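# Predicted model follows, preceded by the sequence.
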Amino acid sequence: MDRLAKIAFLTVFVSFCFLLRANGQTGSLRSLKERQKRLEKNENYSRDTAYLNVVNQIAFLYADSYPDSALKILQINTLNCDLIAYREGESDGYKITGNAYMTKGDYTNALSWYRKSYEVADKIGYKTAFPGIRNNIGLVYMSQGNYTAALKEFYEALKSAEAIHDKFVMASTLNNIAIIHFYQGKMDEADSTYKQTLLIAREMSDTIGVILAYNNIAEVNVEQNALPAALTNLSLAYSLASRIDNPEMLTVVSHSLGNTYFRMDSLGKAAAYFEAASKVSRQHGYSTSACKAVIGLARVRERQGLLEEALRNGLEGFQQARTMGHTQLLRDASEIVSVIYEKLGDGKNSLAYFKEFKIYSDSLRNLESERVAATYDAKLEFSKKEDELNQQNLKQQWMIYSALAALALLVVILVIVNRNRQRLNHTYKELQQKNIVIESQRKKAEETLDELKSAQAQLIQSEKMASLGELTAGIAHEIQNPLNFVNNFSETSIELLDEMKAEIEKGNPEEASQIASEVIENLERINQHGKRADSIVKGMLQHSRSSTGLKEPTDINALVDEYSRLSYHGLRARDKSFNATIKKDFDPDLGKVMMIPQDMGRVVLNLVNNAFYAVQQKQKHTAEPGYHPTVEMSTRKVSDKIIITVADNGDGVPEHIRKKIFQPFFTTKPTGQGTGLGLSLSYDIVTKGYGGTMDVQPKEGGGAVFTITLPG
């Protein structure tokens, strides 16, 4: 699953919640019903616009939680609005009908009713309704994965909302634009825009808006791997949602908490929050949220190894997404179902769902939407500047008109207006030319990025092969001993068999039996050393093989010991004159830890190789008489942390180098002797793969100490 999709789709539901609040009037459902009863005492209540407005407000409140009830109310109310030609009420009713269908996940009907609402509003000049309706239409397009059409609607809605100072719709539209940034991987822009919605919500004392903003900012934190920050923001959101006892908000935040704990590999907590979100969603008919919750449960169960249960969840989510026509959720569901079928050994179904995943994934990867975003941003900024310029021109005209005679003033105004038009045309042409240049540069940047990605993949493979090369000499040294034993005992056994044959021919069975016992002992030793050679070869193959990505119980002490020994023998094989003291201090109570052995083995190998290289170089070039190369390795468990250290008494790492030693392609070795990727890849494995830390500090008495800290 690519980076944009890892947890993004919760924001669509969040935006919809924001949108519902921004599109209608607020008010207590109880007070609205009481007002409805008072109005119904009037015999002509069905022709009373105040009554029709109240019914629309009741339907609006129902649309979010009880969409079917809302649709029944609206069917009669919009007809009554039409009968008395109350077009504003008719337009509002159509819009709220679209809201109800959005809650049900029926995007086709939702879009149809929103368009109908806009047609009526446009015909009667109902401008205050324009921003909310355009925003709703954009949200439907976004839910269907059509980001190009969605952005067009959002920017039009934002422009209309700013014109009438509608802060609710401004906040909702900014939220939706941030979602598009989120889908496109522009996390800094998404974070900045979400924080704008938070400021607006606080200005309006809008608790639900504040909850949604904190939730969305947390989603960005998760994508940036800032999980503690995500939990902080979600904790604030959940506390506020619990305080106002709002089921929609509790559903939204529970789903986000489930995603966050899933990323932290805290599967029990993740499952609990997904189940809570699923339960509330089903109770209130939140189709989209219920679908996302069951897909989240499928991911958790798959990682827990509960494959049958995971498959049921995944297929249920896929069916719900297909019913709604929700492209993003169809992509998520088909991906996890494909993975589960593969683990169950059902290759046919796995391939079928993987094809579905590729279809939906490709349909969402729409580069045109990025160009549209840039274009509309430019248009919006240009429109603002144009308005400012027109206002300045108007003031200037009135000043001249008051100072000069009417005829002279008219001539001056015509000259100024003509000049400004020429400047404006010139500015517009320059803007078009700059857009062409920007588009050309963007295409070149994309081509360069593709080339860099290809080069990066080749360099990573080179680093892996370099790592394997470091091992080869050590493995050759290790395997030579058992092979020598096998050869020696084989030759001895042949001689003993010849002697046994001679004794048998002489009729001396006792001597022959004794020789046979010696042959058996030799064969046992041959078998023993053959198995040792086999284990060494398997270890080499395991290192050269790509990681499966599956964590397994691993003896860290044995892993560090094995890779340090191979590294030392590898260096000795290349330089027979080199000798070093190896000190090991392993915690016997460490136990086995869940990790990927190949990945952690590469980390240890890189650190030990660097340590031996450092002491070897010091011995050759800078050491004083009596210097003894020494490399120390230790493991220990402190509280809930596992600490691995590799220290040497080489020349150490200067302060100015320590700041960039983990950067890609940085190396202190001569040209041709290092890729500059060893420590960078090791740092990424420890920090991103395990959520740990890696640093380097000077060693007392000279040298360096590399420390790895892993969660226990």
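Done, it's in.

# Any figure for the gap between Arg303 and Val486?
Going from Arg303 to Val486 by Cβ to Cβ, to the nearest Å gives 44 Å. Just so you know, the C-beta spots here come from the backbone N, C-alpha and C atoms, and that holds for glycine as well.

# How about Asp534?
For Asp534, the distance to Val486 (Cβ to Cβ) stands at 11 Å.

# try Glu503
26 Å.

# Then Thr687?
44 Å.

# Please identify which of those two sits among more neighbours.
Val486 (18 against 15; other Cβ atoms under 10 Å).

# could you list every residue that touches that one?
Ile526, His529, Gly530, Ala533 (Cβ atoms under 8 Å, 6 or more residues apart in numbering).

# okay, now Asp68: neighbour count?
Counted by other Cβ under 10 Å, the residues lying close to Asp68 total 12.

# Show me the strands in the stretch 551-700 of the chain, by range?
Counting by DSSP state E, counting those that start in this stretch, residue ranges of the strands within the stretch 551-700 of the chain are 552-555, 581-585, 592-595, 630-638, 641-648, 693-698.

# ah, wrong one, I meant the stretch 51-200 of the chain
Going by DSSP E, counting those that start in this stretch, the stretch 51-200 of the chain shows no strands.

# residue ranges with poor pLDDT in it?
65 (pLDDT under 70).

# mind listing what Asn649 touches?
Counted by Cβ under 8 Å, 6+ apart, Asn649 has contacts Val615, Lys618, His628, Pro629, Thr630, Lys699, Gly701, Gly702, Gly703.

# and what of Gly98?
Asn109, Ala110, Leu111, Ser112, Trp113, Tyr114, Ser117, Asn136, Val140.

# go with 10 Å
Taking Cβ atoms under 10 Å, 6 or more residues apart in numbering, we find Gly98 in contact with 23, 63, 106-107, 109-118, 133, 136-137, 139-140.

# CA atoms only for stretch 51-59 - export them in PDB, please.
In PDB, the C-alpha atoms belonging to stretch 51-59 read as follows (Å, rounded to 0.1, in the frame of the first residue of the first chain):
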ATOM      1  CA  TYR A  51     -43.100  26.100   9.200                       C
ATOM      2  CA  LEU A  52     -41.400  24.700   6.000                       C
ATOM      3  CA  ASN A  53     -38.000  26.100   7.300                       C
ATOM      4  CA  VAL A  54     -38.500  24.400  10.700                       C
ATOM      5  CA  VAL A  55     -39.200  21.000   9.000                       C
ATOM      6  CA  ASN A  56     -36.100  21.500   6.800                       C
ATOM      7  CA  GLN A  57     -34.000  22.100  10.000                       C
ATOM      8  CA  ILE A  58     -35.500  19.000  11.600                       C
ATOM      9  CA  ALA A  59     -34.600  16.900   8.500                       C
END
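
# shift numbering so it begins at 364
Taking 364 as the first residue, the last one we looked at is stretch 414-422.

# Could you check what's spatially nearest to the most centrally placed residue in the chain, not counting adjacent residues?
Against the mean C-alpha coordinate of the chain, by Cα atoms, centre = their mean, the closest residue is Glu586 at 3.9 Å. Once flanking residues are discounted, Glu586 sits nearest to Met550: 5.6 Å by Cβ to Cβ, 6 or more residues apart in numbering.

# quick one: the one you found and Asn579, what's the gap?
For Met550, the distance to Asn579 - Cβ to Cβ - is 12 Å.

# quick one, which of the two is more surrounded?
Taking neighbours as other Cβ under 10 Å, Met550 and Asn579 compare with Asn579 leading, 30 against 18.

# tell me the SS of the more buried one?
Following DSSP: H, G, I helix; E, B strand; the rest coil, the label given to Asn579 is helix.

# any idea of the pLDDT on it?
Per-residue pLDDT puts Asn579 at 89.

# before we move on, what about Met903?
With respect to pLDDT, Met903 scores 59.

# Now do Ala524: how many residues are near it, please.
Neighbours of Ala524 under the rule other Cβ under 10 Å: 25.

# Check which helices and strands the helix or strand hosting Glu611 is in contact with.
For Glu611, the element it lies in under DSSP states H and E is helix 610-626. Applying 3 or more Cβ pairs under 10 Å, 6 or more residues apart in numbering; DSSP states H and E, we find helix 610-626 packed against helix 373-386, helix 412-428, helix 570-586, helix 590-607, helix 630-647, helix 650-667.

# do you know which of those lies nearest Gln804?
Comparison of these against Gln804 by Cβ to Cβ identifies helix 570-586 as nearest, at 26.5 Å.

# Tell me who's in contact with the residue nearest to Leu599 when sequence neighbours are not counted.
Spatially, and ignoring its direct neighbours in sequence, Leu599 is nearest to Tyr577 (5.1 Å; Cβ to Cβ, 6+ apart). Applying Cβ under 10 Å, 6+ apart, we find Tyr577 in contact with 557, 561, 564, 595-604, 616, 619.

# Can you give me the distance of Tyr577 to Gly621?
Here Tyr577 is placed at a distance of 16 Å from Gly621 (Cβ to Cβ).

# just Met612 next, same as before
Counting by Cβ to Cβ - Met612 and Gly621 are separated by 15 Å.

# More neighbours: which of these two?
Neighbour count, other Cβ under 10 Å: between Met612 and Gly621, Gly621 has more, with 28 against 22.

# Which residue is the nearest non-sequential neighbour of the more buried one?
Gly621 sits nearest to Tyr636 (Cβ to Cβ, 6+ apart), 3.7 Å away.
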